[in-house]
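Asks: Sequence unavailable; structure follows:
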């Protein structure tokens, strides 16, 4: 199986003609064009400049708004001090963004790393501001630490998310994609092609393939992508074709010496070499490259199941659940009345689920089926449309009219906030399984139970019930292995869109 996508790094310059285009230009050239003379795409550098300008404007806007509001309230004592603090705050924020490489093309437009670096930069700016305030004995510094920095975080994260949505939309239309030459065995290259097509928002377009014998599974093509040569000739084809990325996939041909020689041959070009890991599917903050005895080694740190970050996660879970319960209290009261008016039975449905370390707990949901629906499940077993161990029906006759609406928009799951508040669930985590499901888990799948189940998760934002069983398990295991606070924040942000679209919910 091919490893995770690894984002290439580096900047692209202008086109060879030096023309200027919009911040989101279309890719000029076509995969079939290839060859020497194809213009170099420059949307990466322009997108980076757009982000830098947007961050600068957003920061200046927040600083000016706070300075103007509080300056008007305390004009007699404000004068030049707030201008110095305002200028210093903006300078610190922008400097921290630059030093943390929050504008690096490798992280812009996808993944949690972009927001992780943004958060780290703002935290650094807040720390420097607080130290400066202590040194200068300034009483006004609290305003900039506890009001300005959080406001800048909110505005910049929202602005970046909007830019990302626009970029992803263009990528789905076939624009702003990096031309890729894939080099490896036909099976692993085929997997890479399928992934690039399935997830266009990642920004890769495989335009050419090199295989061990220079042949594909379909003669001179592999899944519609032309096979341009053998693995030994990759560097020559890169120089002729002007590809942005060389994706090296597993094949016995790739010895350490040959990979090193390929990397040397690509030096001085705009082409990045990306090597797919083949030993395990791990990514994110757990991967580190260390030099041991002069040998570059990929170090994989242990997954985090306890410690300070887990304590922070627990606090965020409980505080977030309490706030959401207060906000959604009127809606939940209305839903309760509608459930009672629609069919006979109680408002809530209680069900035993399996949580962290295999401990069972009772989950709460709004009732969406007729009373006694669980007793008729055996009669509907032959119509099961669920993947793997799941039991699902797209048109379940037991679902009530109100229940169908509640399920479509996941409103029936709001009572699970009480489970989060009491500590049996988390806001983000794997799907909580039924006891009969977990009883059939193998050793690999049981790793889902190493963390608390979540109200939402990677499965929620990736298709929910439409996902194949293997993909749902892979996403849950990926979350367990690669968990981070930044990943939780991204999942929570994307959950809103997934819920409004109602995709995979029935």
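Replies: Received it, and whenever you're ready, just let me know what you need. These numbers were taken from a predicted model, which means no experiment stands behind them. Numbers count the residues shown, from 1 in each chain.
Asks: what about residue 306, which SS state?
Replies: Following DSSP: H, G, I helix; E, B strand; the rest coil, residue 306 is assigned to coil.
Asks: what's around it, how many residues?
Replies: 7 (other C-beta atoms under 10 Å). All C-beta spots, glycine's among them, are computed from the backbone N, C-alpha and C.
Asks: How about residue 151?
Replies: For residue 151, the count of nearby residues is 18 (other C-beta under 10 Å).
Asks: And residue 199, by the same measure?
Replies: The local packing of residue 199 (other C-beta under 10 Å) involves 15 other residues.
Asks: So it versus residue 355, what's the distance?
Replies: Per C-beta to C-beta, to the nearest Å, residue 199 is found 31 Å from residue 355.
Asks: What of residue 411?
Replies: Per C-beta to C-beta, residue 411 is found 23 Å from residue 355.
Asks: Could you check which of the two has the larger neighbour count?
Replies: More neighbours surround residue 355 than the other of residue 411 and residue 355, with 23 against 20 (other C-beta under 10 Å).
Asks: correct me, but that one touches residue 425?
Replies: Yes - Residue 355 lies in contact with residue 425 (C-beta atoms under 8 Å); the separation is 6.9 Å.
Asks: Give the intersection of the neighbour lists for the two.
Replies: Common contact partners of residue 355 and residue 425 (C-beta atoms under 8 Å, 6 or more residues apart in numbering): 361, 432, 452, 453.
Asks: And for residue 500, the neighbour number?
Replies: Counted with other C-beta under 10 Å, the neighbours of residue 500 add up to 10.
Asks: which residues sit in contact with it?
Replies: If you count contacts by C-beta under 8 Å, 6+ apart, residue 500 has them with residue 409.
Asks: State the helix or strand in which it lies.
Replies: Using DSSP states H and E, residue 500 sits in helix 485-501.
Asks: And that helix, what's buried?
Replies: The neighbour-count check on helix 485-501 (16 or more other C-beta atoms under 10 Å) flags 486, 487, 488, 489, 490, 491, 492, 494, 495, 498, 499 as buried.
Asks: closest to residue 254 among those residues?
Replies: residue 487 (30.6 Å; C-beta to C-beta).
Asks: Read off the pLDDT value for the nearest residue to that closest one once chain neighbours are set aside.
Replies: The shortest distance from residue 487 to any non-neighbouring residue, by C-beta to C-beta, 6 or more residues apart in numbering, is to residue 112 (4.7 Å). pLDDT, residue 112: 76.
Asks: Going forward, count from 58.
Replies: Let's use 58 as the start, then, which means that last one is residue 169.
Asks: Which of the three states applies to the residue nearest the centre of the chain?
Replies: Nearest to the centroid of the C-alpha atoms of the chain, with distances taken as C-alpha atoms, centre = their mean, sits residue 168, at 4.1 Å. Recorded secondary structure, residue 168: coil (three-state DSSP).
Asks: give me phi/psi at it?
Replies: Here is the backbone geometry of residue 168 (degrees, to the nearest 10): phi 80, psi 170.
Asks: Now do it against residue 269, distance only.
Replies: 32 Å.
Asks: do the same with residue 315
Replies: 12 Å.
Asks: Residues that sit against both of those two, list them.
Replies: Joint contacts of residue 315 and residue 269 (C-beta under 8 Å, 6+ apart) are residue 288.
Asks: Give me the neighbour count for the closest residue to residue 235 other than its chain neighbours.
Replies: Leaving aside its chain neighbours, residue 235 sits nearest to residue 301 (4.1 Å; criterion: C-beta to C-beta, 6+ apart). Using other C-beta under 10 Å, residue 301 has 24 neighbouring residues.
Asks: Residue 301 touches residue 331, doesn't it?
Replies: No - using C-beta under 8 Å, residue 301 is not in contact with residue 331, being 10.4 Å away.
Asks: Give me the contact list for the helix or strand containing residue 512.
Replies: Per DSSP H and E, residue 512 falls inside strand 511-513. Residues from elsewhere that reach strand 511-513, judged by C-beta under 8 Å, 6+ apart: 470, 473-474, 476-477, 482-489, 548-549, 552.
Asks: ok, now how distant is residue 421 from residue 393?
Replies: Using C-beta to C-beta, residue 421 is found at 12 Å from residue 393.
Asks: How far does stretch 306-314 sit from its chain's centre?
Replies: How far stretch 306-314 lies from its chain's middle: 30 Å, per C-alpha atoms, centre = their mean, to the nearest Å.
Asks: What is the end-to-end distance of it?
Replies: Taking C-alpha to C-alpha, to the nearest Å, stretch 306-314 runs 16 Å from one end to the other.
Asks: That stretch - what's its average pLDDT?
Replies: 87.
Asks: Check what contacts it and list those residues.
Replies: Under the contact criterion C-beta under 8 Å, 6+ apart, stretch 306-314 has outside partners 59, 239-242, 245-246, 248-249, 269, 288-289, 305, 333, 335.
Asks: ok so, going back, sitting in helices, which of the shared contacts of residue 412 and residue 482 do you find?
Replies: The members of those all map outside helices under DSSP state H.
Asks: Of these, which belong to strands?
Replies: Among those, the members found in strands (DSSP state E) are residue 418.
Asks: where's the dip in pLDDT among the shared contacts of residue 412 and residue 482?
Replies: Ranked by pLDDT, the shared contacts of residue 412 and residue 482 bottom out at residue 489, which has 89.
Asks: Skipping its backbone neighbours, what lies nearest that one in space?
Replies: Residue 489's closest residue in space is residue 510 (C-beta to C-beta, 6+ apart), at 3.5 Å.
Asks: ok, the one you found touching residue 485?
Replies: No - contact criterion C-beta under 8 Å: residue 510 and residue 485 do not qualify, at 9.8 Å.
Asks: Pick out whichever of the two has more residues nearby.
Replies: Neighbour count, other C-beta under 10 Å: between residue 510 and residue 485, residue 485 has more, with 29 against 25.
Asks: I'd say that one and residue 550 touch.
Replies: No - judged on C-beta under 8 Å, residue 485 makes no contact with residue 550 at a distance of 10.8 Å.
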